[in-house]
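Colleague: Following is a predicted model, sequence given first.
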Amino acid sequence: MSALGPERRRAAPRATESSDVTRFRAFGAVALVFALTSVGWLAFRGGAASLLAPGPLALPHRELACADCHARGRSERVTDACTGCHGPHPSARAAHARLARTGELECGVCHAVHRAESGLVFEPDGGVLHYGTGFERALGRAESGTAPGLARTLVPLVAARACEGCHELERATDPASACFAGDASSGHAASLCFDEHRPPGARSSARSAARDAAVERARTLAPGLPSDRAGALGANGSALAAGALAAALVLRLARRRAKQSERPRTRAIAAHGARRLPVIDAARCLGCQACVDACPYDVLEMSRYVAVV
Amino acid sequence: MAATPKPGATDDAFDEAFRAEPLRALDARGRADVRTSASLRHAAAGAVLVHAGEPADTLFVVVRGAVRLEDPRAPFAWGREVRAGELFGHEALVPFAPRRLSVRAVDPASVLELSAAVLRRALVRAGLSELVVREETRARRSEWLALLAGTSFSALPPAELQALARGLVEIPRRSGERLERGAARASGVFVVAGGMFALAPGTEREMPTYAARGDVVALESLGGDGEECAAVALGSALALGVPSEALERIERSHPNVLAALDRVARARAAKQRRTLEASPRSPTRHAGHEMARLGSAGSLLAIDLDRCTRCGHCTVSCAASHGVPRFERRGEKVVVALRSSATVAPAPLLLPSACQHCREPACLEPCPTGAIRRLATGTVELDAELCTGCGACAKACPWDAIRMAPRSGDERNPDGRSAMVALKCDLCRGLDGPECVSACPTDAIFRVDPARDLVEVRAAVDKKEHPRRDRGSSSRGSARAVLWLGFVPPLVALDRSLPGGGGQGARLWVGILGAVLVVALSGHAVLKRVPSVRHRIRRAVSRPVGVSALSPFVALHAATGGLAAACVFLHAGFSVSGGVLGLLALSFWAAALSGAFGAAVYRVLPERLTRLERRSSLPEDEPAEREASLDRLHAAVSGTNPALKELVRGVLLPYARSWSGAFVLAASGRALAREEAALLARIHLALGGRKSDRLAGLRELVVTAVEMRSQRARRVLASLLRGWLPLHLVLCALVLVLLALHVAGALR
């Protein structure tokens, strides 16, 4: 464009597609791939059945099928399914036991299967596994400390969150507040209230002695564990990351394909052997001046709306 | 080329037309061309076929019945009657002339409308150029006479006025060219016949005024006080020079005419100055190229950059309805005083390369087949059926508004249609108003009629005086958004008071409400992306065409999002667990956060970005712009003294290249001019007055350096504006899939 303003050009501008238009191309597919991959990752980690459950089953219940606990059409409560396997072992606390008897306090209130179940597994070789809903993690030596190998024992940890439905943990007069010794923030009921189901001073056997030892170790380990929130966040994060990775791949593939199809599809102009001046059929010439503008040697010009050589 | 006449134009009609006077002489080829571009119009008795003042690009042949040509300025005169087989509408042969006469059907009449450009071509090719020249001269004489009759020259006796009209010399001027005395017997007095001239007074302090069709321009004041001015064409324009002898004759016999001319010119200039000064915060006065564009447009597509979120949805929706987008969202920033229904406020506009339906389109005449035509409304239309893909219109368009593209698959056919086709904005005729306007989420894009909506152009072309209007406030309450936070404490209290978990009682019901809201929220994507849905909704809520159909729904989307977040909070709290529920919660809150972030940046950032822009560009332009700025800096400093070179190397380049500085500039919300002044002041402070003699040209270097830093700052702001939406979309897709699983699981 000269100082005199726009002048007539010799080449007609071509329509182009700006990034505005191409930016969201194939984005529906990308979003879908992201969503499906993330969900697929969940199914891969927790089993396909866990997709319709509120959450996956953690280690102790992983092998169970839905119908094992949620019996359809039967009047059986989930609590009955629990006692069916674990046997009746009511809470040692009088108040909890009373509520449990009337059906107001079910097993699932504290043992939030599918949602926030977590615990520790002590292996005979001294290894310790921290499990939760959607994650499992072996504790390192430094974390678990060295301790004599026990028989394989599983100690469930109940999150402080489970108590909050009934108790006010911050209030000093609340009986549950004593359990946390003023610190409910660590997330695990990690202090005085361990082993709800074993009355203090109960008669001990060889088996219960091993269990007591495991509970004692869990009591010392629990405050140092990352909360099950962190574990769940990690599990969710890995699903998001898997989705993002797949989505990025699809996006890249789509962009590459678009770029390939963008390549100019020029037709090769057959080169004529003889070099002669062009011949113009005046009867068919439209007078559009396209040839005049195209000629690099300015051989052509317009005369009376017809191109002439 | 297939010579298929327009539907409705029968062979009979053409037989009649080709009996009319000059058409009779056409050869077979010419007849075929004329047939292709012609269209037949019917009118009932008494109906008006053409109104005076409409654009004139076509001639008419009466093929049935009769019509009467009426002069609206002489309502009691019985107009000339034109019968079958006669040609009329010769204004079309004169550049810049609109229809002077109205055409009313006397009996039920049919007229054949012929493109003047095509007819002229056909006649010249048939060897009838003398005939064409004769007809054109005759048409011009009568047009120029009518034009003179509208000026103070009308006080001359009829015979002298006619002599003056005959003697006028046509002086066509391209954009930027001046009117000069002496050339072609010109006396220095001109009548503007078309286009616009900027009149720059001799004294430099005064603002230029403008002269449009029908105004008389005198390079040396006719009042005899020796004031001089320069007249520069804005866009292509046509002036009629009054020859020196004629002026001298008038000066001798009718000095009062010249005095009247002088009076009118002064009054016009004074009125324009008044209007321009009344416009608020006097935005940049435009001259040259910009004013040429504003002044020539009939309907200008403009984007208010203070509102534009740079999402590009205007282009996307254009591409969705036309296949190939018919404009690009890039171009110069133009600050104008924009009149809306109630207020006049300065607005920084981006004028994208969409067809602006010029008042004198440059694309019309070059089209060899008459595929481009103007409707009575002034809309310029391009008929893809007739287009031969030659590109003559695209080359002629000064504003890059016509682009060549391959014909789309279903339009292409083997019998003779070209592979390429010219494309331009057609105002979405046949669709539901301009799609770009309808799809804008923030009401930022609209069509303006410069002669009505832009104060400066209005002052130039409008002869009437308008009462001054007060400036409206342009501040938008971004504080209102903060009020949303007020809902948080009651929500938390409500959450505390609700018993039980998400599966029971009230919490279950808010969960269901939340799910419904989330599904409703995702409907926004459908509304945004599927034009037919948008059209239906627009009709359902009876929203007028020509404003955004989407913008009310954006506000609704934001409000619904807030409500959905409240529902989800009451349903599930901020619980975090593994599995479907946990991921659902996580992705919902992430989607809600990204949406809230988007709402915030859409509200706050556009204005800040605009302050850093001189032209609005797309992300793909960035590398070239960076390169160009660096080149400019190097070119400006090469050959200068070592002090300046040292300054560039040690200060300006590090300044321009610093990313942290770009972030600070983006965050500060400073305008370019202020940043330039600040940098200049800092340099002078550091130098403490030393070397000041060797710092000539420092200003341009500073401007370029600030431009380079602002490029980076713009990139930061633009990526904030554009980056959140893809994230929001993928997260929402995940939320929908997980929600479906959650609902299915809960129902089981």
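Modeller: Yes, it's here.
Colleague: Which helix or strand contains B:Ala585?
Modeller: Using DSSP states H and E, B:Ala585 sits within helix B:579-611.
Colleague: who in the stretch 51-200 of chain A is up against chain B?
Modeller: Residues of the stretch 51-200 of chain A lying close to chain B (CB under 8 Å from any CB of the partner chain) are A:51-56, A:114-116, A:132-135, A:165. All C-beta atoms are positioned from the backbone trio N, CA, C, and that covers glycine.
Colleague: Columns neighbour count on top of those residues, output as CSV?
Modeller: Formatted as CSV, these follow (neighbours: other CB atoms under 10 Å in any protein chain shown):
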residue, neighbour count
A:Leu51, 20
A:Leu52, 16
A:Ala53, 22
A:Pro54, 21
A:Gly55, 27
A:Pro56, 28
A:His114, 23
A:Arg115, 25
A:Ala116, 27
A:Gly132, 28
A:Thr133, 28
A:Gly134, 31
A:Phe135, 23
A:Gly165, 12
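Colleague: With respect to chain B, which of these is nearest?
Modeller: Chain B has its nearest neighbour among these in A:Gly134, at 1.9 Å by CB to the nearest CB.
Colleague: longest helix anywhere in the chain?
Modeller: With no chain named, the answer covers chain A. helix A:228-262 (DSSP state H).
Colleague: other chain: chain B
Modeller: helix B:698-747.
Colleague: The longest helix of chain A vs chain B: in contact?
Modeller: Yes - if you take CB under 8 Å from any CB as the test, helix A:228-262 does meet chain B, through A:Asp228, A:Arg229, A:Gly231, A:Ala232, A:Leu233, A:Ala235, A:Asn236, A:Ala239, A:Leu240, A:Gly243, A:Ala244, A:Ala247.
Colleague: residues from the stretch 101-250 of chain B in reach of chain A?
Modeller: B:Arg121, B:Val124, B:Arg125, B:Ser129, B:Arg174, B:Ser175, B:Gly176, B:Glu177, B:Gly235.
Colleague: and stretch B:188-207, what's its mean pLDDT?
Modeller: Averaged across stretch B:188-207, pLDDT comes to 80.
Colleague: hmm, back to that, between the longest helix of chain B and helix B:579-611, how big is the angle?
Modeller: 160 degrees (axes from the mean of the first three to the mean of the last three CA atoms, to 10 degrees).
Colleague: B:Arg249: which element?
Modeller: Counting by DSSP H and E, B:Arg249 is found in helix B:244-253.
Colleague: Who are the packing partners of the helix or strand that comes right after that helix?
Modeller: Once helix B:244-253 ends, the next helix or strand along the chain (criterion: DSSP H and E) is helix B:255-278. Contact partners of helix B:255-278 among helices and strands, from 3 or more CB pairs under 8 Å, 6 or more residues apart in numbering or on different chains; DSSP states H and E: strand B:209-211, strand B:216-218, helix B:244-253, helix B:455-461.
Colleague: Reformat the ones you listed as CSV; add mean neighbour count.
Modeller: Shown next, in CSV, are the helices and strands packed on helix B:255-278 (neighbours: other CB under 10 Å):
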stretch, mean neighbour count
strand B:209-211, 25
strand B:216-218, 21
helix B:244-253, 15
helix B:455-461, 22
